[in-house]
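> Starting from these lines, generate the structure:
(chains A and B)
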Amino acid sequence: MLIYKPIIKLILLGKPLLRRLGINPSQLQTILWTKCTVDDRSPTAVGRFGRAKKSSSSWSTNLVLVIFGIFMALTVFTTDDPLLAYTIFFTVFIVYVALNLITNFSDVLIDVRDHYLIMSRPVNDRTVSVARILHILIHISQLVIPLSVPALLLVFFQTGIIPGVVFSLEIIAATTISVFCVNILYLLLLQFMRPEKFRDIIAYFQIALILIVFMGYNFFPKLIKIVKANHISLTNYTISYFLPSVWLAGLQSLAEGFFNQTNYLFSALAIITPSICLAVVVKFLSRNYNDKMSLMGAASENAKPDRKEKRQHYQSLADKISHWVTSSPLEQLGFMITWKLTARMREFKVRVYPSFGFIPIYFIYFVFFTNDKVSLAKRWHQLPNTHYYLFILYILVFVSITLLMQITRSKQYKAAWIYQITSYKKPGHVLSGTLKALIIKFHLPAAAVAIAFILYVWGLAPALNVTLALVLMLFSTIVVAQWLVTKFPFSQPIDREEQKGRAFKNMLYLLVPAALGYGQYLISDYTLVIEALTILFTIGTWLLFRDYKNLGWDDLG
Amino acid sequence: MEQASPAILIKNLKKSYDENEVLKGINLEVYPGQVIGYIGPNGAGKSTTVKILTGLLPEFEGEVEILGQNLREDTLQIKRHIGYVPEAAEMYEVLTPMEFLDFIGKLYEMKEKQIAKRAERLLAFFDLADNKDDRMDTFSKGMRQKVLLISGLLHDPKIIFLDEPLSGLDANAVIKVKNIIDRLAQEGKTIFYCSHMMDVVEKVSNRILLINHGTIVADGSFDELRQSDDESLERIFSNLTGNQKMEDNTDEFLESFED
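Numbering: from 1, shown residues only, chains lettered A, B, ... in the order given. As a prediction, the model looks like this:
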């Protein structure tokens, strides 16, 4: 992240201005320099962009961003109405940057170390706050640059130098607005929430981001087609007067020579707003924010053990189930620990929950958006005549594989030492307990929803096929578990090297359910074969499960 | 020892988190050259007091004057003269000790050369001369603690807050730190020493403050506090914090294993 050095120098050119704002330039420089260096050297999520530079994954990260940037750039030329086109662009841009800030940069926004290392020194609140915001801006620039370069090039070549320069300034303004909004959001959340709860909330934002980006990739091109077809005029909607993305679009339209009153108004707003945002942060929010941070640092230490799990009912349910489905204390232990930890480990939720969201998204996309010629209503009507229910069930298989890939991973993997120092013969019992917990807690509810939907659309007709698919789901779960889950739950570090190759591996794992699903589709009309296979795979599942439960220490390797 | 102007003056200091009152009206005068042993059970309000005094918790009730200045109004001025070594604080471990100390020194607006000179000497004093340019993520707990200690002393503060400063240190380093505390007190510095290690507190401090449930329940030198010559600080502590029946409790402990 060598980029930060010139940027910091550039910022310090404004020393007199900084001083007048009550900021200490040399302290600002020290803080920025140190924090950027720390990020640059940390292999953690905070410094991901920095570190990634040296590895191959940075290329893939940047490539993904550039591709997304190209998508966004294309919006600029979707309609003849520049106001509308740029509004779409800036809306997507601001939302994407803001969500990224919330999810990937929460560690930057709330670094507990700063509390002791910086706040106990003679540094004033404004300096700390401005340092924080500049740090975030420097950081986010690594996301913003690849994201906006395609659009920037396009605007430069299509409309000329002046609109191009204005556009690049608008990118900075849009980024500032995003940062501001996220700051406000954090303050609001901190106002009402305990720090631990706050981190949980951020985890849910992370899940939302993954889903939105995923949906964006799938639906964005379609959306543009719809907008194009319907000739929408923004100025007819009152709400557009309140959207920063519209103001920025207005300024850009003006720069491209569309002179009219609304564009003048929007341009004025676009120019004034970012400066107001910065002023508000510096003048009013800094003190408040730093106080909240102090409280957060303090609260995390004075934390009384008052975070009782209040869901007694829920737990006793898990307890009851565990006694029904497990056959040894060891297996019950595996069941309970998995049940509880999957509910409470934030990073597990972030990595697993989105994949459940993919099921309906994939389904809707493939069923309704793959062919433009047939209307949506007609497709819905034709649905009962198709075999798309197999599609739903096999995405479920895919999700269950994702689940298995994550269950052994944890940030707190070191806590698993406890399994190693205790004495018992069959660690397989712990693993089979884990597997049962996963199946009951995740597979079962997801399958229930899927079955309900299938019953609603298809009725009882595909019952045999659905049964086989479910049996195959269990079968493949156990096959994959024997292959992937030969370690205790949450006992392995989240390996970065491995993560890099994850996208590719995911594709491979995707092939398993795809092949199974296609195979079943081919034989789906042969009742006898379906029945025979159901029985065969049920027995197979049972046998494999028995093996799995009997895994000894040697098998765990 | 008591001089005209106290280094720390606290009047009726109160602090609550939500409805939980952590400090319930603390009154205190601390003079230069005093080494305060600040002790109390977990959750008694020790850390909260220190955080208020170091300016980390700006919201509190009551009046606090440090070096004759009002803590609320002159926070920055006061922070310049305070050194704080928090308990097992996290550091930017990817930095080297020299880089880290440079960062801290510059926050105090010290000159780069001065920082480097002092940092090198202090690191050498704590046997870290050979590691001064190694990243701290490879350091042991004790090595990190030494760097943290240095970061609290680098700017030659008048008041020093030490929170479990010996944690992770080896026996040699412990002796060094104890000697430093003595010398700093002789130089007229005020030291606020928080710890659960009663034997250390007993030895290093010349005035002991015992806080329990947000109020100070004992204040005096070790000799003043003990009722007989062979009474240890540990004993005083458990008497005052309501744990007299220690021996009886051990019976209860063993009974737990009877099915």
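
> immediately after the worst-scoring helix or strand of chain A on mean pLDDT, which helix or strand?
Of all helical and strand segments in chain A, the minimum by mean pLDDT, DSSP states H and E falls on helix A:48-52, at a mean of 38. Counting by DSSP states H and E, the element after helix A:48-52 in chain order, helix or strand, is helix A:56-75.

> I'd like to know which elements that following helix is packed against.
helix A:48-52, helix A:82-104, helix A:125-159, helix A:195-230, helix A:496-500 (3 or more CB pairs under 8 Å, 6 or more residues apart in numbering or on different chains; DSSP states H and E). Glycine gets a C-beta too; all of them are placed from N, C-alpha and C.

> Kindly calculate the angle that it makes with helix A:82-104.
Taking axes from the mean of the first three to the mean of the last three CA atoms, to 10 degrees, helix A:56-75 and helix A:82-104 form an angle of 150 degrees between their directions.

> Give me the distance between the closest residue to chain A within the stretch 151-259 of chain B and residue B:91.
Proximity to chain A, evaluated over the stretch 151-259 of chain B using CB to the nearest CB, is greatest for residue B:151 at 8.1 Å. In this structure, residue B:151 and residue B:91 are 8 Å apart, going by CB to CB, to the nearest Å.

> Return the list of helices and strands in contact with whatever helix or strand residue A:545 lives in.
Assigning secondary structure by DSSP H and E places residue A:545 in helix A:527-549. Counting by 3+ CB pairs under 8 Å, 6+ apart, the packing neighbours recorded for helix A:527-549 are helix A:427-438, helix A:463-484, helix A:502-523.

> Tell me the buried residues in it?
A:530, A:533, A:534, A:537, A:540, A:541, A:544, A:545, A:548, A:549 (16 or more other CB atoms under 10 Å in any protein chain shown).

> which one of these is nearest chain B?
Within the buried residues of helix A:527-549, the smallest distance to chain B is 30.2 Å, found for residue A:549 (CB to the nearest CB).

> Which parts of chain B are helices?
B:46-53, B:75-80, B:97-107, B:112-125, B:141-153, B:171-186, B:198-204, B:222-225, B:233-240, B:246-255 (DSSP state H).

> rewinding a little: among the helices and strands packed on helix A:56-75, which is nearest chain B?
Nearest to chain B, of the helices and strands packed on helix A:56-75 and by CB to the nearest CB, is helix A:125-159 at 9.3 Å.

> Buried ones in the helix or strand following that closest one, by neighbour count?
Downstream of helix A:125-159, the next assigned helix or strand under DSSP H and E is helix A:161-192. Buried residues in helix A:161-192, counted by 16+ other CB under 10 Å: A:163-164, A:166-167, A:169-171, A:173-183, A:186, A:189-190.

> Next: stretch A:511-521.
A:512, A:513, A:516, A:517, A:520.

> can you narrow those to ones near chain B?
For chain B, no contacts are drawn from the buried residues of stretch A:511-521 by CB under 8 Å from any CB of the partner chain.

> Tell me which residues touch the residue nearest the centre of chain A, please.
Using CA atoms, centre = their mean, the residue of chain A that lies closest to the mean C-alpha position is residue A:210, 3.0 Å off. Residues near residue A:210 by CB atoms under 8 Å, 6 or more residues apart in numbering or on different chains: A:350, A:354, A:357.

> What is the nearest of these to residue B:167?
Using CB to CB, residue A:350 comes nearest to residue B:167 of the contacts of residue A:210, at 33.3 Å.

> what number of residues lie near that closest one?
Neighbourhood size, residue A:350 [other CB atoms under 10 Å in any protein chain shown]: 19.

> ok now the strand or helix carrying it, how far from the chain's centre?
According to DSSP H and E, residue A:350 maps onto helix A:346-368. In terms of CA atoms, centre = their mean, to the nearest Å, the centre of helix A:346-368 is set 11 Å apart from its chain centre.

> Show me what from the stretch 101-250 of chain B comes close to chain A.
Within the stretch 101-250 of chain B, the positions near chain A by CB under 8 Å from any CB are B:103, B:104, B:106, B:107, B:108, B:109, B:135.

> ok, the residues you listed vs residue A:64, which is closest?
Using CB to CB, those come closest to residue A:64 at residue B:135, 30.8 Å.

> Settle it for me: which of residue B:151 and residue B:91 has more neighbours?
Neighbours were tallied for residue B:151 and for residue B:91 using other CB under 10 Å; the higher tally belongs to residue B:151 (26 against 21).

> Spatially nearest residue to the more buried one (excluding sequence neighbours)?
Spatial nearest neighbour of residue B:151, excluding adjacent residues (CB to CB, 6 or more residues apart in numbering or on different chains): residue B:104 at 4.6 Å.

> could you dump the buried residues of helix A:527-549 to CSV with pLDDT?
Conversion of the buried residues of helix A:527-549 to CSV gives the following (pLDDT from 0 to 100):
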residue, pLDDT
A:530, 92
A:533, 93
A:534, 94
A:537, 94
A:540, 94
A:541, 94
A:544, 93
A:545, 93
A:548, 91
A:549, 91
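
> out of those, which one sits closest to residue A:234?
Using CB to CB, the buried residues of helix A:527-549 come closest to residue A:234 at residue A:530, 54.4 Å.

> list the contacts for that closest one?
By CB under 8 Å, 6+ apart, the neighbours of residue A:530 are A:464, A:465, A:468, A:523, A:524.

> mind checking how far the fourth one is from chain B?
Taking CB to the nearest CB, to the nearest Å as the measure, residue A:523 falls 57 Å from chain B.

> Mind pulling up the pLDDT for that residue?
Looking at residue A:523, its pLDDT reads 89.

> now swap in the second one and tell me
Per-residue pLDDT puts residue A:465 at 91.

> Report how many residues lie close to it.
Other residues lying near residue A:465 total 23 when counted by other CB under 10 Å.

> Now it: closest residue in space that isn't a chain neighbour?
Of all residues not flanking residue A:465 in the chain, residue A:524 sits nearest, at 5.3 Å (CB to CB, 6+ apart).

> Surely the one you found touches residue A:461?
No - between residue A:524 and residue A:461 no contact is recorded; they are 11.0 Å apart, counting by CB atoms under 8 Å.

> Those two: which has the busier surroundings?
More neighbours surround residue A:524 than the other of residue A:524 and residue A:461, with 18 against 11 (other CB under 10 Å).

> Quick check: phi and psi on the more buried one?
Note on residue A:524: backbone dihedrals following degrees, to the nearest 10 are phi -60, psi -20.

> What is the helix or strand hosting residue A:378 packed up against?
Using DSSP H and E, residue A:378 maps to helix A:376-382. If contacts are counted by 3+ CB pairs under 8 Å, 6+ apart, helix A:376-382 sits against helix A:346-368.

> which helices and strands sit right next to the helix it packs on?
Against helix A:346-368 (3+ CB pairs under 8 Å, 6+ apart) you get helix A:195-230, helix A:329-344, helix A:376-382, helix A:388-407, helix A:444-458.

> most packed of those?
For these, the largest average neighbour count (mean count of other CB atoms under 10 Å in any protein chain shown) is found in helix A:388-407, namely a mean of 23.

> Show the average pLDDT along the following helix or strand past that one.
Sequence-wise, the next helix or strand downstream of helix A:388-407 (DSSP H and E) is helix A:417-421. Helix A:417-421 carries an average pLDDT of 80.

> Dump the C-alpha coordinates for helix A:417-421 into PDB.
As requested, the backbone C-alpha atoms of helix A:417-421 are provided in PDB (Å, rounded to 0.1, in the frame of the first residue of the first chain):
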ATOM      1  CA  TRP A 417      -6.700 -27.700  22.800                       C
ATOM      2  CA  ILE A 418      -9.300 -29.100  25.200                       C
ATOM      3  CA  TYR A 419     -10.200 -32.000  22.900                       C
ATOM      4  CA  GLN A 420      -6.500 -33.000  22.800                       C
ATOM      5  CA  ILE A 421      -5.900 -33.200  26.600                       C
END
